[in-house]
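Undergrad: need a 3D model of the following:
(chains A, B and C)
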Amino acid sequence: MTDTTQPTPEQAVSRSKLGVVAQLRSLPMVPVFILVFILIVPALAADWIAPHNPITGRIPDRLQPPVFFGGTWEYPLGTDRLGRDILSRIMHGAKVSLSVSIVGIIFGGVLGTILGLIAGYFRGWADAIIMRLVDITMALPSILLALVLAVSVGPSFQTVIAVVVFVLWALYARQVRGEVLSIRERDFVARARVSGASHLRIIFRHILPNAANTIVVLATLQVGSVILLEAGLSFLGVGIPKPTPAWGLMVADGRQLIVSAWWIAFFPGLAITLTVLALNLLGDWMRDRLDPKMKGL
Amino acid sequence: MQRYLLRRVFQSLLAMLAISVIAFALSQLSGSPVDSMLPQDAGPEEAERLTKLWGLDRPVHEQYFIFLGNALQGNLGQSIKWQGQSAMGLVLERLPATLQLGGFAIIVSTLIAVPVGVIAAVYKNTPFDAFGKIIALLGQAMPNFWLGIVLIWIFAVHLKWLPTSGRGGLSHMILPAIAMGWFQVAALMRLTRSAMLEVLDSEYVKLARIKGVPEWRVVWVHALRNAAIVPLTYFGLIAGSIFTGSVVIETVFAWPGTGLLAIDAIRGRDFPVVQAVVLTFAGVFILVNLLVDTLYAYLDPRIRYK
Amino acid sequence: MHQVAPVIEVQNLETRIDTKMGPIKAVDGVSFSVRPGETLGIVGESGSGKSVTALSLLRLVPKPAAKIVGGAIILDGEDILTVSETRMRDIRGGKISMILQDPQTSLNPVFTIGSQVVEAIATHLKAAQRELLNRAVEALRHVRVADPKRRVEDYPHQMSGGMKQRVVGAIALGSNPKVLIADEPTTALDVTIQAQYLQLLKDIQAETGLAIIFITHDFGVVARMCDHVAVMYAGRVVEQGPVQEIFSNPAHPYTKALLSSVPSVEEDVERLYSIRGQPPAFWDMPKGCRFAPRCDQAMSKCEADYPPTYESPAGTQHCASCWALEDTEWTPSRS
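TA: Numbers count the residues shown, from 1 in each chain, chains lettered A, B, ... in the order given. Presented below is the predicted three-dimensional model:
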């Protein structure tokens, strides 16, 4: 292969920057619309656009069915047993899903990326220790950790983040390490090393930019599963504590009333499903664009 | 082969040890067990007696070895919520129910996922393939607890075909197994499909056809035996997540297994029981992975003879 | 020799492949025949359609993109393009078989050598497992695998490339087919192993009267192995005839060019096929002679119409399709 067909890493990075507009134009539109309308807009603007207060309901209006099922436009998706508007609670619930996934992925991603860089770049004992830790982390089911944390320190936003970080860092460390192992063998790294660049400079100037695609793709692919994880923890009562409107918590609320008031559990779960579906489709699209070799994930 | 397995057994023991450290460390986080275990009216002498008895006055590392020694004998202390029962005893009593449901879910999801994945690969880009893809996308997007509730709503409440909850005959297992297994079906199906696509394109599949081997044998014997190696490496993970999924599913379907026990224990702040569940689950998880690796070596002679 | 009827006769074979650029005819009216005990070499560059021709003979062109759309393949008195898929399975391996290019990937890594040879035999013969195993050991002995009784227990990764290719041979020949297609069976092997393998095929042929269709791009191998040669270019046979005739008296400019670029041991391999230009793309085929754009002697006629086939005056069934033969002693072919 000659230089004309194989872009150098520097070129590859700048080309993907140049192509952003063209890339965005080919975004799959349906998932993007779902995400914008179910997750992003409600999460950012719930305080202004939600028709009712998500925490305090009107008891006289309790257990109203959704519109078209005997209800009114006052409560389009019905109300729960405290008379709270399901639609408003779903809108506010988006805040929890979005913030948990963003904060969790940032912390877990940064931690995992750093450890993966160290393991892949320096090899040796650091690599051995980090990779054993990865194995152990992957051998410990995440929900169990959440259970233990919930008993020992009590459920909170922070424990949910801790569980998410615990699950994610190992994935990142393993993937980034693999990537670094192949990047560090390439010519431009050797050139940088010969010219006397420091380890830090090599890692941040040469290796990290080339591993960036992998990191971004992994993050996109993980958002959906983080939302599912948070919802599951909240459903079990070991995640976000009441009365914060979190989607998983709302499904748990409606579980006992599924026979008489199906909408309480149904709509929040539908919101989770549509959001995760859209995120997964988007993640697949990103992977095919940026990092086709991750197909197996 | 022996050396490979021996190494894997050693690694498994190491992982188990690490998990015991985590479980122990978390028990330190939860404050002194003496406070939570003593009856309200007990005096300070009683507290001191227990502290001595459990070695809580010794350095942390010594405490860990005491904990480990006890844990190895299956002794994780008495349950707080269920007075007079040992924590491990409670877990072991409930374990068969969890293994039954989890095992059923794994078998059913494998029996669905592998054939669908194979057929989707053989008939790629046909309506069947698209149907498989939709099943997979849905499976990976629906939260299992919500799926369980919706299944109860449709099949138990409305159609009255199946029981809503509890443990009983086969009919009691169908809905929980679907809710538990759909996500795994999705993952397993995608893996099987992509592995099959690769293998079906190989030269040895071509040679099998040249030999005159019937097409069903080419697909289900020659190709699948090779393609199975890839999904199998994920099978440990899949089995593991089925068992942890049991915590959620047992809650939804009131299935009297260890998962439900764990949730009850958490609500009662029954730390010894939670610890026993964690260690048991981790043990099952590691054991399953060990079994998978053994099977893996059996399926792939290149590993067997290393 | 001429009295013996051909065991396989291919008439006007056409195979179409649907590509992104539209449908193409990868095999476009190919005809040839092979008698028992003879070897036909099919020679051409990669992309000339020789491998698709080989797969067409087994009706194993990649589905659903490729399809045999015309012609006939008379194998042992039966047109295999008209038989059912069930019958075709009996024919594959039973009457016609094939050796693939790369021994490293043609054996199934998860089954023993023995079981793979046994399967080839069992597909065409109902017999007890013990009998099948004995036959498999025999088949391995036949292709000179040393100590076959022990080796049946081995897995492919425990064997060398040359040994694997012998096993592939045993599999292909396990049910005593009448025709063997060998698709560049030695390109992946070391030179010394190559020579051994070719000799092995010749010896087996001498014993069994096997007809071999040898697909290669290497005229050196052709000289060593073949009785007849068919030269393929862009999906068509441009020249065929007895191997001595082709070597001593090539008629088609493409054959001449190929022959002049046969590397001798001293010569640099880089100079192989020093014909200017590229073979035409299948979706952009010249209207006339397909070699015309690269031909030094091309005339205006060459670009307008595809040349008819002419037969050599020597009466050796040496034919070629080239306008340059129009006003010579060569006579238009009857078929």
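Undergrad: how many residues are close by residue 244?
TA: Going with chain A. Residues lying near residue A:244 (other C-beta atoms under 10 Å in any protein chain shown) number 17. For the C-beta atoms, the positions are set from N, CA and C on the backbone; glycine is no exception.
Undergrad: should've been chain B
TA: Residue neighbour count, defined by other C-beta under 10 Å, stands at 21 for residue B:244.
Undergrad: wait, it sits on residue B:280?
TA: No - judged on C-beta atoms under 8 Å, residue B:244 makes no contact with residue B:280 at a distance of 11.9 Å.
Undergrad: mutual contacts of these two, please.
TA: Taking C-beta atoms under 8 Å, 6 or more residues apart in numbering or on different chains as the contact criterion, residue B:244 and residue B:280 have no common neighbours.
Undergrad: contacts only, for whichever residue of the stretch 51-200 of chain C sits closest to chain B.
TA: The stretch 51-200 of chain C approaches chain B most closely through residue C:93 (3.5 Å), counting by C-beta to the nearest C-beta. Counting by C-beta under 8 Å, 6+ apart, residue C:93 touches B:210, B:211, B:212, B:213, C:120, C:123, C:124, C:172, C:174, C:175, C:177.
Undergrad: just the buried ones from these?
TA: Members of the contacts of residue C:93 that pass the buried threshold by neighbour count (16 or more other C-beta atoms under 10 Å in any protein chain shown) are listed as B:210, B:211, B:212, B:213, C:120, C:123, C:124, C:172, C:174, C:175, C:177.
Undergrad: got the contact list for the third one?
TA: Residues touching residue B:212, when contacts are defined by C-beta under 8 Å, 6+ apart, comprise C:89, C:90, C:91, C:92, C:93, C:94, C:120, C:123, C:124, C:175.
Undergrad: closest to residue A:141 among the contacts of residue C:93?
TA: Using C-beta to C-beta, the shortest approach to residue A:141 within the contacts of residue C:93 belongs to residue B:213, at 42.4 Å.
Undergrad: pull the number of nearby residues for residue C:98.
TA: 29.
Undergrad: and the buried ones among the contacts of residue C:93 as a markdown table, adding distance to residue C:107, secondary structure and pLDDT?
TA: As requested, the buried ones among the contacts of residue C:93 are exported to a markdown table (distance: C-beta to C-beta, whole Å; DSSP: H, G, I helix; E, B strand; the rest coil; pLDDT from 0 to 100):
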| residue | distance to residue C:107 | secondary structure | pLDDT |
| --- | --- | --- | --- |
| B:210 | 12 | helix | 90 |
| B:211 | 12 | helix | 87 |
| B:212 | 17 | coil | 86 |
| B:213 | 14 | coil | 87 |
| C:120 | 11 | helix | 89 |
| C:123 | 16 | coil | 86 |
| C:124 | 19 | coil | 85 |
| C:172 | 12 | helix | 90 |
| C:174 | 13 | coil | 86 |
| C:175 | 17 | coil | 86 |
| C:177 | 19 | coil | 91 |
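Undergrad: which members of those residues are the farthest-apart pair?
TA: Distances among those were taken as C-beta to C-beta; the most separated pair is B:213 and C:177, at 14.5 Å.
Undergrad: what does the stretch 51-200 of chain A put close to chain B?
TA: With C-beta under 8 Å from any C-beta of the partner chain as the criterion, the stretch 51-200 of chain A comes near chain B at residues A:132, A:135-136, A:138-145, A:147-153.
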